[in-house]
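# for reference, the sequence and a predicted model appear below.
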Amino acid sequence: MRIKKITINFLSFTIKTISTFVIAIFFFVFITPIGIVIRLFKKDLLNYKFNKDKSYWIKKSNLKNNMKKQF
Amino acid sequence: MTTILGISAFYHDSAATIINNGQIIAAAQEERFSRIKHDASFPKNAINFVLNYSNLKISQIDQIVFFEKPLLKFDRLLKTYLANAPFGFESFNKAIPLWIREKIFQKKILYKNLRKLDCDYKSDKNIFFSNHHLSHAASAFFPSPFDEAIILTADGVGEWATTTVAIGKNNNLEIKKEIHFPHSLGLFYSAFTYYTGFKVNSGEYKLMGLAPYGEPIYENKIKKLIDIKEDGTFRLDQRYFNYTTGLTMISEKFVNLFGQKSRDPLKDKITKFHMDIAASIQKVTEEILIKLVRSIQKEYKIKNLCLAGGVALNCVANGKIFKEKIFDNIWVQPAAGDAGGSLGAALALWYIENGNKRTVNSNDDMKGSYLGTEYTQEEIEKQLKSLGADYEVLNYEDLLNKTTNFLSNEKAVGWFQGRMEFGPRALGNRSILADPRSEKMQKNLNLKVKYRESFRPFAPSILRDNLSEWFDINTDSPYMLLVANIKSDKKIEMTEKQKKLFGIDKLNIKRSKIPSVTHVDYSSRIHTVTKRTNATYFDLISKFKEKTGCPILVNTSFNVRGEPIVNSPTDAFHCFMGTELDFLVIGNCILDKKKQDLKLKKNYINQFELD
């Protein structure tokens, strides 16, 4: 029983570590450099900056929402 | 005959709705069945209920629609990390496995879960996806009594949108413009919910209830966090927040600005500081909403307004919008939060995608929001018997007379009748009732029955015909989503000395003829009752009026703090036995606490997490 518990804990720890390692590679090797390049080109992906315009509304495009699609 | 099943799930407040040829048949939140507040899991129990209510199986449903588009949400998630990397790894590491496991292949997951409910369901081809704010807007417009309206939705965040304006006309609805994440009025308010030590997505009501105890002295400081344009649109200064890629709502800079750390609900008491913060954020929120509403009315020149999204549950702000008389008519979806998304998605599919005709109902199509479970007298007695309850069965007239007697003798009564409400408010079918004239009732109900903070106010249910005699408002508020002030002749003005009392101490001062439902600023969250929407509840209040001259009852949801509202007679009995409720009235049964076997009493309160 004790051996079973130790095995389960070990496996779950290993899976978690591998998963974190893979996610870290994806985050620091892909997401981070792409994100930095985008910012170097002054692209404000989340509209962080305040501006002097009269309004912050974003006009919705006329494209009809297609309910068959997940995007 | 076309049936559509609407589903909202996987964020908070999962729910299911079934509509038949555009008519709303049944709707319920998963939390009522699972007994987990704001349950976000796949709503299998709620789906089973709406299907059973319609005598249908999943394989017999024509179309199934999910309330939002998961891949657009994932797009937002990735862009948010791109905009912040290398910061945000901890949150990324938590979010990605969750998305891969539960969200990114949503159609497959939905299909798999639906098939578990009915093995005859063999293809996912009838699964559709609405859009988060389109679902909110559809839930606000299509059941409304208007042929044409402007629809304003505001919440934390959907896919990208956090605030939208749409125009609804007949059977069509079109979103015209939006404000996008991370600039969100819902998240702005939730940041202060977090800061004052309440639970995000749940404790926002508490913050709103706390506001009248304070002074809005932090208004100017709060405005440093946000740039508000004349038309009410806004952007949040993200240096003060941490919700985009962090695991908390606010940053160190936010804490430094206000000078106190976030309140720990387990250690720190609520002080004047928290009350002033609550008053200030409420004031700024109201200012933004009023500016938004005024500018969209000026632009589109339509006289009707519909509201939905979590922010529309801020009934104090709704009351202020109403008082400004910017629109002739306002209608707020009673299930304005994400649960209502299941209803909106189904209606959006029926009207917008399928192009079906719409007939406007002058009273609205929500059936009083009584869309949930109901139990026959036989089922009620069967459950009570199996629980070992001692009960008495009375005829309708005697039931009303006896309940009225209990109430006028300052007893707290659990009241369980008819179909359960859809949405966060109890509207007289799953309610705890009391006498509003009692001076001690607010404190007693809060501390001994609901086990919640003593500052929290209670709402009055009032006969619609008597509304303007008691409150400075004369419009329907059947869903308890408008706040109004008590009439001056019913007020008891506080002396100068009393006015100077510290926040919660004001509670002990009798402020009106109905102190239990009069907040410290003389306001009340109004619930109007008519014979048409709830005949039994109407008859009970009428009987109470006959006996006491007062056409009002205290109405609070039938639950304790942190617990979902009771669903079944069994839930009601457990809540009755676990609290200091004096009587329970279910269907035609009356239960007296004194006659119950005390061994049936359970330690109830510790089962539910503080919200």
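On my side now, so go ahead.
# helix or strand with the lowest mean pLDDT in chain A?
The helix or strand of chain A with the poorest confidence is helix A:2-25; it has a mean of 86 (mean pLDDT, DSSP states H and E).
# elements contacting the very next helix or strand once past that one?
Using DSSP states H and E, the helix or strand that directly follows helix A:2-25 along the chain is helix A:32-40. Packing partners of helix A:32-40 (3 or more Cβ pairs under 8 Å, 6 or more residues apart in numbering or on different chains; DSSP states H and E): helix B:70-84. Heads up, the C-betas are built off the backbone N, CA and C, glycines and all.
# hmm, the helix it packs on touching chain A?
Yes. Helix B:70-84 comes into contact with chain A (Cβ under 8 Å from any Cβ of the partner chain), by way of B:70-72, B:75, B:78-84.
# tell me the buried residues within these.
Buried residues within those, defined by neighbour count using 16 or more other Cβ atoms under 10 Å in any protein chain shown: B:70-72, B:78-84.
# show me what from chain A comes close to chain B.
A:19-20, A:23-24, A:26-28, A:31-32, A:34-36, A:38-39, A:44-50, A:53-60, A:65, A:67-71.
# contact partners for the closest residue to chain A within the stretch 201-350 of chain B?
Nearest to chain A in the stretch 201-350 of chain B, going by Cβ to the nearest Cβ, is B:T233, at a distance of 3.8 Å. For B:T233, the contact set (Cβ atoms under 8 Å, 6 or more residues apart in numbering or on different chains) comprises A:55-57, B:163, B:179, B:292.
# ok, and the closest non-adjacent residue to it?
A:Y56 (3.8 Å; Cβ to Cβ, 6 or more residues apart in numbering or on different chains).
# tell me how many other residues crowd that neighbour.
Using other Cβ atoms under 10 Å in any protein chain shown, A:Y56 is surrounded by 22 other residues.
# quick check, it in a helix?
No. According to DSSP: H, G, I helix; E, B strand; the rest coil, A:Y56 belongs to no helix; its state is coil.
# quick check, pLDDT for it.
If you check A:Y56, the pLDDT there is 97.
# quick check: phi and psi at it.
Note on A:Y56: its backbone torsions stand at phi -100, psi 10 [degrees, to the nearest 10].
# B:C306 too?
Per degrees, to the nearest 10, the backbone of B:C306 is at phi -120, psi 140.
# so what's it up against?
Residues in contact with B:C306 (Cβ under 8 Å, 6+ apart) are B:137, B:140-141, B:144, B:146, B:149-152, B:168, B:330-333.
# average pLDDT for stretch B:542-549?
What stretch B:542-549 shows for mean pLDDT is 97.
# pretty sure B:S557 sits against B:A426.
Yes. Using Cβ atoms under 8 Å, B:S557 makes contact with B:A426 at a distance of 3.8 Å.
# by proximity to chain A, which residue of the stretch 451-600 of chain B wins?
B:L481 (25.5 Å).
# and that residue, how many neighbours does it have?
B:L481: 25 neighbours (other Cβ under 10 Å).
# same check, this time on the one 3 residues further on
Taking other Cβ under 10 Å as the criterion, the count of residues near B:A484 is 24.
# can you give me phi and psi for it?
Residue torsions, per degrees, to the nearest 10, at B:A484 are phi -140, psi 170.
# next: B:S523.
Torsion angles, degrees, to the nearest 10, at B:S523: phi -100, psi 160.
# residues in contact with it?
By Cβ under 8 Å, 6+ apart, the contact set of B:S523 is B:212, B:316, B:319, B:483-486.
# return the subset of the residues you listed lying in helices.
B:316, B:319 (DSSP state H).
# tell me the two of the contacts of B:S523 that are most distant?
Within these, B:V316 and B:I486 form the most distant pair, 14.6 Å apart (Cβ to Cβ).
# which of these two has more neighbours?
With neighbours defined as other Cβ under 10 Å, B:V316 and B:I486 compare such that B:I486 has more, 22 against 19.
# what's the burial count for B:F471?
The burial count for B:F471: 24, using other Cβ under 10 Å.
# before we move on, which element is B:I151 in?
strand B:148-154.
# returning to what we had before: mind listing what the residue of the stretch 451-600 of chain B closest to chain A touches?
Per Cβ under 8 Å, 6+ apart, neighbours of B:L481: B:312-313, B:315, B:318, B:332, B:334, B:336, B:425.
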